[in-house]
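Colleague: here are the coordinates; sequence isn't available:
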């Protein structure tokens with residue numbers, strides 16, 4: 001199986017990507033002993049995804065993938081957007097609390113939101129990105145026990161379930177990250193190759 005480095009220190013994202021792309025060996029930066037964070041100073045998801053993938057490729061010499069994902073809310077003019085992961089300055093729960101606090105009193109019909117993801121591949125043969133989004137809304141309180149990040153307060157439009165109420169298999173079948181990497185897959189196969 002071909003090996004690709006995924007530019008993340010997030011164990012939840014790594015586990016999810018391994019399930020999305022089971023025919024590849026996916027290593028994290030930590031697996032390679034690269035522990036310093038990559039500064040994400042782009043203005044868009046695409047810029048940040050490419051920054052991370054380029055840096056991982058340069059540091060490892062391997063084909064590298066990255067993603068940048070944001071939760072965009074209608075009522076808050078798109079916030080937290082590209083700042084989703086660091087929105088509160090704390091962890092997952094702090095981010096959720098801050099967003100719910102800012103959304104307090106917003107009626108159901110104005111709680112629309114979407115997750116967007118840009119997936120990037122950088123290797124010797126070139127660079128490629130793919131983007132996808134999932135529509136939904138922000139709940140008034142966390143619902144469900146699974147997932148990570150904003151999953152307990154993002155209700156996916158087609159199922160009426162939050163990501164945290166879904167099995168990992170169900171979430172991966174519907175998620176923005178899955179859709180973005182599936183769009184990228186033909187280029188991964190072309191640039192990196194299939195199983196030996």
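Modeller: Sure thing, it's come through. Note that the coordinates shown come from a computational prediction; the quantities given were computed from them, not determined experimentally.
Colleague: So for the helix or strand hosting residue 17, mean pLDDT?
Modeller: Using DSSP states H and E, residue 17 maps to helix 11-20. Mean pLDDT, helix 11-20: 88.
Colleague: Could you identify the helix or strand that succeeds that helix?
Modeller: Heading C-terminal from helix 11-20 (DSSP H and E), you reach strand 25-28.
Colleague: Name the nearest residue to residue 151, ignoring sequence neighbours.
Modeller: Nearest residue to residue 151, sequence neighbours excluded (Cβ to Cβ, 6 or more residues apart in numbering): residue 163, at 3.6 Å. To be clear about C-beta, it is placed using only N, CA and C from the backbone, and glycine gets the same treatment.
Colleague: okay but that neighbour is in contact with residue 156, surely?
Modeller: Yes. In terms of Cβ atoms under 8 Å, residue 163 counts as a neighbour of residue 156; the distance is 6.4 Å.
Colleague: who has more neighbours, these two?
Modeller: residue 163 (28 against 22; other Cβ atoms under 10 Å).
Colleague: From residue 7, how far out is that one?
Modeller: Per Cβ to Cβ, to the nearest Å, residue 163 is found 23 Å from residue 7.
Colleague: can I assume residue 76 sits in a strand?
Modeller: No. Under DSSP: H, G, I helix; E, B strand; the rest coil, residue 76 falls outside any strand and is assigned coil.
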